[in-house]
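> let's see this in three dimensions:
(one chain, ligands or ions: 1)
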Amino acid sequence: MVTTGRRLRDDGWPAGVNTVVVMLDGAAAFQSLEPAGLNISWGAYLGMPNQILMSGALAEIGPRIATARSEAREKHGWIMDSYILKRTS
Ligand SMILES: C[S@@+](CC[C@H](N)C(=O)[O-])C[C@H]1O[C@@H](n2cnc3c(N)ncnc32)[C@H](O)[C@@H]1O
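The predicted structure is shown next:
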């Protein structure tokens, strides 16, 4: 399912779905989820010189992605990011 940060935050993990792609998320909505059993692949400035890619178990890397996101936004003055969440168990 392709969705928005607001939907993910407001509605939680969509029923019957193992993979969620999130766009239009200005506030790292992945932090609102129970991280157990979820993997995240996050990318900012995709296809651009400043591209940043981070992936791993949401429980471990989620906080680091949130930090990297706010630092990059501070550094460049803007950010565009998207991510894929996969339920592994
Ligand atoms: C208005 S939507 C456009 C979506 C996409 N272009 C489409 O046609 O479906 C903007 C969102 O696209 C994603 N996006 C656009 N450019 C991006 C980039 N270079 N790197 C990562 N995500 C990007 C971000 O999630 C952003 O919030």
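> I'd like to know which elements the longest helix along the chain is packed against.
Criterion DSSP state H: the longest helix present in the chain is helix 58-76. Helices and strands touching helix 58-76, as assessed by 3 or more C-beta pairs under 8 Å, 6 or more residues apart in numbering; DSSP states H and E, comprise strand 38-44, strand 52-57, strand 81-87. (Glycine included, C-beta is placed from N, CA and C.)
> P35 against G56, yeah?
No: P35 is beyond contact range of G56, at 10.7 Å (criterion: C-beta atoms under 8 Å).
> which one's more surrounded, those two?
P35 (17 against 14; other C-beta atoms under 10 Å).
> ok but the more buried one is inside a strand, no?
No: counting by DSSP: H, G, I helix; E, B strand; the rest coil, P35 is not found in a strand; it is coil.
> spell out which parts of the protein neighbour the ligand.
Residues of the chain lying close to the ligand (C-beta under 6 Å from any ligand atom) are 23-24, 43-48, 80-82.
> list buried residues within these.
43-45, 81 (16 or more other C-beta atoms under 10 Å).
> need those in JSON lines with pLDDT, can you?
JSON lines is the format used below for these (pLDDT from 0 to 100):
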{"residue": "G43", "pLDDT": "98"}
{"residue": "A44", "pLDDT": "98"}
{"residue": "Y45", "pLDDT": "98"}
{"residue": "D81", "pLDDT": "98"}
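> now render those as CSV, adding distance to E74.
Compiled in CSV, those are given as follows (distance: C-beta to C-beta, whole Å):
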residue, distance to E74
G43, 18
A44, 13
Y45, 14
D81, 14
